[in-house]
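Trainee: Generate coordinates for the sequence data below:
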Amino acid sequence: MNMKSIGKLFLVLALIPTVAFAKDGYNITIKISGMKNEKVLLGYYFGDKQYIKDSGITDITGKVIFKGSDAIQGGIYLIASFDKKLLFDFVITEHEFTLETDTIDYLNNMKVKGSPENEAFFAYSKFTTKMAIEATEVERKMRKAESVNDTAEARKNKIALSGYDEKVKEYRKNVTQEHPTFLIAKIFKMMEDIDIPHAPVMPNGKIDSMFQYNYFIKHYFDNFDFTDDRLVYTPVFHPKMEAYITKLTLQIPDSIIKASDFLIEKTLKSKEISKYIIYWITNHYETSEYMGMDAVFVHMALKYYTDTKLTFWVDDALRFKITERAQTLNYNLLGKKGQNLNMPDSAGVYQSLYNVKADYTILLFWDANCGKCKEEIPKIMELYKAQNAKSNLKTNKKVEVYGVGMTPDAKEWKKYIHENKLPWINVNDPNHESNFRKFYDVYSTPVIYLLDENKNIVAKRLSTEQLKEFIEKGVK
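Mentor: Residues are numbered from 1 along each chain as shown. Take a look at the predicted model:
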């Protein structure tokens, strides 16, 4: 990836919960018979990752106590072995409770004391495990019937198999109705499918083919309780959010920006959820390998990171770096008119980028001492000559190159131009007056932009092969 990324600066932000469910500390006892004098880890889910909260060593009975005087964030937690092998998940919504099990069967031998939510959580886990075992056996019978062309038996088992999914959905629905304030009830609600009505008939008698898709997108988050910070501390929230942004939303900047603003507006009542979504979208598109997605980063940075209340977790130094980076990228977003450059050529005559007359202008930033530049310039020369050959002018677009030399020694720059007979406009910036590094985000060489006849940015940070493809296809 060529884009200079500050994404790594964001990573630490995801590790610091800012809101917790209880103020009286926590005291959680875990007893695992058969696991004595072993180190275990207490972890938690956050977005699409898991983090370690605490660790402890079991006594001879397998008991370990995790406790602290500070509040602990509510959510789905996990117990793992020292080598990070998951033993089981559980829920933290109460600040003091006990879980007892053994190494023979962590789930089915689990006993809960002092936590109604974990009683419901493990009852559901046991139920779904039982359903999965039964469904696997039914599927085995169905496959066997299919292999001997016993269609009646295969159909019967296929119908039975679909019934297991309905049983699980019904179980979730009952939990949601009986315990609506439980975290797992809110997780189950997030997992529910949206009930989409039939598309209406339009005045012209036709069915609106986009109705159901638009309805689904509009109501995608209807079952999310965005007032509950705990949702982001579950393994269910992130995949649903990511699917909405990256799969259900058309992956062009305008559509992504619209979807992001729509989602963030819904989450502003929850500091933890809005924090995570703002962080994730900004980081995801700032580090994207796809050309043009930096427009999403610029939007997120300039709309949200300049607001100290919305991005309350960001310190002044990081906020400055993010917004400064966005302001630089804002000059050179795809579709925008590139900033004019006016620099002296090798004869000392100033040449303006805006005065270049061509269907396409290749804006090339290069250094005579750069090995990669020496590889690319001959290829650009070949492309330049082929596009501008007299025999092809009727069918091909005229191409000009505005080459900005970045060689520190002007003599070396001029020598390279002369020896390699570079036929295009060659300029440099000896007095550092053009600000080209900021306008075109140049921090290495070579950097290649493609501008149209009006000097709008068609593409950027291209290889010569990509440059040729853009010109041949006539992309604007």
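Trainee: contacting residues around residue 459?
Mentor: 291, 334, 449, 450, 466, 467, 470, 475 (CB atoms under 8 Å, 6 or more residues apart in numbering). The C-beta positions use only the backbone N, C-alpha and C, and glycine is treated the same way.
Trainee: Can you give me the domain boundaries for this protein?
Mentor: Domain assignment of the chain by automatic domain parsing yields the ranges 10-113, 121-191, 211-330, 342-473.
Trainee: thinking in terms of the whole chain, how far from its middle is the last one?
Mentor: In this view, domain 342-473 has its centroid 34 Å away from the chain centroid, taken as CA atoms, centre = their mean, to the nearest Å.
Trainee: ok, residue 365 - how many residues close by?
Mentor: 23 (other CB atoms under 10 Å).
Trainee: packing partners for the host helix or strand of it?
Mentor: Using DSSP states H and E, residue 365 sits in strand 360-366. Counting contacts by 3 or more CB pairs under 8 Å, 6 or more residues apart in numbering; DSSP states H and E, strand 360-366 is packed against helix 371-388, strand 399-405, strand 447-452.
Trainee: That one versus strand 399-405: what angle between them?
Mentor: 20 degrees (axes from the mean of the first three to the mean of the last three CA atoms, to 10 degrees).
Trainee: In the stretch 151-300 of the chain, where is pLDDT below threshold?
Mentor: Within the stretch 151-300 of the chain, no stretch has pLDDT under 70.
Trainee: Swap in 90 and give it another go.
Mentor: Filtered on pLDDT under 90, the stretch 151-300 of the chain yields the residue ranges 162, 201-206, 289.
Trainee: quick one on the thing from earlier: of all the domains of the chain, which lies closest to residue 205?
Mentor: Closest to residue 205 of the domains of the chain is domain 211-330 (CB to CB; 14.6 Å).
Trainee: What's the end-to-end length of that closest one?
Mentor: Using CA to CA, to the nearest Å, the end-to-end distance of domain 211-330 comes out at 35 Å.
Trainee: all numbers from here: first residue = 39
Mentor: From this message on, residue numbering opens at 39, which makes the last subject domain 249-368.
Trainee: Show me how far it is from its chain's centre.
Mentor: Counting by CA atoms, centre = their mean, domain 249-368 is centred 9 Å from the centre of its parent chain.
Trainee: before we move on, what about stretch 175-187?
Mentor: Distance, centroid of stretch 175-187 to centroid of chain: 40 Å (CA atoms, centre = their mean).
Trainee: quick one: buried residues of it?
Mentor: 176, 179, 180, 183 (16 or more other CB atoms under 10 Å).
Trainee: who touches that stretch?
Mentor: 189, 191, 192, 195, 196, 198, 199, 202.
Trainee: most tightly surrounded among the helices and strands packed on strand 398-404?
Mentor: Mean neighbour count (mean count of other CB atoms under 10 Å) peaks for strand 437-443 among these, with a mean of 23.
Trainee: Pull up the pairing partners for that strand, direction included.
Mentor: Strand 437-443 has the following sheet partners, assigned by DSSP bridges: strand 398-404 (parallel), strand 463-466 (parallel).
Trainee: which residues does the closest residue to residue 229 other than its chain neighbours contact?
Mentor: Nearest residue to residue 229 in three dimensions, chain neighbours excluded: residue 274, at 6.3 Å (CB to CB, 6 or more residues apart in numbering). Contact partners of residue 274, counting by CB under 8 Å, 6+ apart, are 225, 228, 229.
Trainee: so can I have CSV of these showing secondary structure, neighbour count and distance to residue 279?
Mentor: As requested, the contacts of residue 274 are exported to CSV (DSSP: H, G, I helix; E, B strand; the rest coil; neighbours: other CB atoms under 10 Å; distance: CB to CB, whole Å):
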residue, secondary structure, neighbour count, distance to residue 279
225, helix, 23, 14
228, helix, 17, 10
229, helix, 13, 13
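Trainee: What is the nearest of those to residue 113?
Mentor: Nearest to residue 113 out of these is residue 225 (CB to CB; 10.0 Å).
Trainee: For residue 172, see how far away that closest one is.
Mentor: Remark: distance between residue 225 and residue 172 (CB to CB, to the nearest Å) = 23 Å.
Trainee: got it, and residue 158?
Mentor: 21 Å.
Trainee: what are the ranges of the helices in the stretch 239-388 of the chain?
Mentor: Using DSSP state H, counting those that start in this stretch, the helices found in the stretch 239-388 of the chain span residues 249-256, 275-284, 291-305, 309-324, 332-342, 354-368.
Trainee: Produce a PyMOL select command limited to the buried residues of the contacts of residue 497.
Mentor: To isolate the buried ones among the contacts of residue 497 in PyMOL, judged by 16+ other CB under 10 Å, type:
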select buried, resi 487+488+505+508
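Trainee: farthest-separated two in the contacts of residue 497?
Mentor: Most distant of these, by CB to CB, are 372 and 505, 14.7 Å apart.
Trainee: angle of the host helix or strand of residue 508 against strand 485-490?
Mentor: Counting by DSSP H and E, the element that carries residue 508 is helix 502-511. Helix 502-511 runs at 0 degrees relative to strand 485-490, counting by the same axes, to 10 degrees.
Trainee: Give me the distance between the residue lying farthest from the centre of the chain and residue 504.
Mentor: Relative to the centre of the chain, the most outlying C-alpha is that of residue 385, 48.7 Å out, by CA atoms, centre = their mean. Per CB to CB, residue 385 is found 32 Å from residue 504.
Trainee: ok, now residue 109?
Mentor: For residue 109 relative to residue 504 (CB to CB), the value is 52 Å.
Trainee: Next: residue 240.
Mentor: Per CB to CB, residue 240 is found 43 Å from residue 504.
Trainee: what pLDDT does residue 510 get?
Mentor: Note on residue 510: pLDDT of 83.
Trainee: Now do it against residue 83, distance only.
Mentor: For residue 510, the distance to residue 83 equals 48 Å [CB to CB].
Trainee: Equivalent analysis for residue 284, please.
Mentor: Separation of residue 284 from residue 83 (CB to CB): 20 Å.
Trainee: and those two? which has more neighbours close in?
Mentor: Set side by side, residue 284 and residue 83 show more neighbours around residue 83, with 20 against 14, by other CB under 10 Å.
Trainee: quick one, phi/psi of the more buried one?
Mentor: Main-chain torsions, residue 83, degrees, to the nearest 10: phi -90, psi 140.
Trainee: ok, what's across the strand from it?
Mentor: Judged by DSSP bridges, the bridge partners of residue 83 are residue 88.
Trainee: Might you report the residue contacts of it?
Mentor: Contact partners of residue 83, counting by CB under 8 Å, 6+ apart, are 113, 114, 115, 116, 271, 272, 273.
Trainee: Am I right that residue 110 falls within a strand?
Mentor: No - if the criterion is DSSP: H, G, I helix; E, B strand; the rest coil, then residue 110 is coil and not within a strand.
Trainee: Skipping adjacent residues, who's closest to it in space?
Mentor: residue 64 (4.4 Å).
Trainee: Over to that neighbour: give its phi and psi.
Mentor: Dihedral angles (degrees, to the nearest 10) for residue 64: phi -150, psi 150.
Trainee: Look at it and say how many residues are nearby.
Mentor: 22.
Trainee: Thank you, goodbye.
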